[in-house]
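Participant: mind folding the following:
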Amino acid sequence: MLGKINLEDIKNIAKLAGDAIMGIYNQDFTIEYKDDTSPLTQADLQANKIICTKLLKLYPNIPIMSEENDLVVYKIRKHWEYYWCIDPLDGTKEFIKQNGEFTVNIALMENNIPVLGVVYAPVSQELYSAKKNAGAFKNNIKLPIKRDDNNFIILASRSHLSEDTKTYIENIETTKEKVVINKGSSLKLCMIAEGVADIYPRLSPTMEWDTAAADAIVRESGKYSYQLNSTKLLEYNKKNLLNPYFEIKGN
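Facilitator: Residues are numbered from 1 along each chain as shown. Down below sits the predicted model:
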């Protein structure tokens with residue numbers, strides 16, 4: 001199945017969703033709130049409609065898991081060999097703040113492992129992509145990219161920086177100078193894949209669709225997405241879709 005997926009098609013779908021998001025981003029928009037108090041905008045819904053419609057047209061036999069769709073019950077989805085895992089607008093809080101740090105996330109999962117991922121940042125037009133055994137790329141440049149500085153770069157969430165994360169960062173031991181960069185959305189995972197940062201610890205809640213697409217890029221770049229204090233990788237299509245705390249390591 002993976003061999004039948006055209007990565008360029010998925011990249012184009014992400015760009016189309018990004019274009020729709022930008023059309024709303026550049027005008028006044030309303031904000032609603034879900035039952036879990038997380039924000040929702042028309043951009044989330046419009047991007048989701050575009051992605052789901054396009055994917056179903058191209059690959060009608062592959063089911064879709066999206067943050068903005070009704071969740072298929074576990075007794076059905078646990079049997080999925082392949083499925084799409086989507087966050088049509090990752091970083092809605094950043095979208096609302098209009099700081100540009102939000103992304104479109106599309107992942108293909110095979111036996112609950114991310115084997116294809118596209119992450120598109122519409123404002124900066126940064127496009128990260130990966131397909132298993134075919135490499136990871138940023139705007140067609142192969143990852144990772146070698147960097148020159150000697151600092152130890154730590155990534156942290158811009159809008160979800162917990163006290164546990166702060167403590168974790170304080171306790172990191174390194175002979176290099178620690179530099180903390182706050183960033184929104186799945187861009188943090190992509191920065192690890194890119195090689196411009198050393199570690200991204202996440203000790204606050206995330207869902208599987210927040211990480212799946214970027215995790216495919218991380219893994220294909222030769223990096224790892226570990227559950228916190230473990231050698232186990234992040235797991236997907238669990239009964240409870242909440243991710244455990246994790247750390248993405250550059251080395």
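Participant: remind me, longest helix of the protein?
Facilitator: Longest helix of the chain, by residue count under DSSP state H: helix 7-25.
Participant: what packs against that helix?
Facilitator: Applying 3 or more CB pairs under 8 Å, 6 or more residues apart in numbering; DSSP states H and E, one finds that helix 7-25 makes contact with helix 42-58, strand 103-110, strand 113-121, strand 126-131. For the C-beta atoms, the positions are set from N, CA and C on the backbone; glycine is no exception.
Participant: in the last one, what counts as buried?
Facilitator: Right, the one you point to is strand 126-131. Going by neighbour count (16 or more other CB atoms under 10 Å), the buried part of strand 126-131 is 127, 128, 129, 130, 131.
Participant: tell me the predicted confidence for residue 34.
Facilitator: pLDDT recorded at residue 34 is 89.
Participant: got it, and residue 37?
Facilitator: 82.
Participant: rewinding a little: pLDDT on the longest helix of the chain, on average?
Facilitator: Helix 7-25 carries an average pLDDT of 97.
Participant: now do the following helix or strand past it: which elements does it pack against?
Facilitator: Note on helix 7-25: by DSSP states H and E, the next helix or strand toward the C-terminus is strand 31-33. Contact here means 3+ CB pairs under 8 Å, 6+ apart; on that basis strand 31-33 packs against strand 39-41.
Participant: the strand it packs on pairs with which strands, parallel or anti?
Facilitator: According to DSSP bridges, strand 39-41 has the following sheet partners: strand 31-33 (antiparallel).
Participant: run the angle between the helix or strand hosting residue 213 and strand 103-110 for me.
Facilitator: Secondary structure assignment for residue 213, by DSSP H and E: helix 208-220. If you take axes from the mean of the first three to the mean of the last three CA atoms, to 10 degrees, helix 208-220 sits at 70 degrees to strand 103-110.
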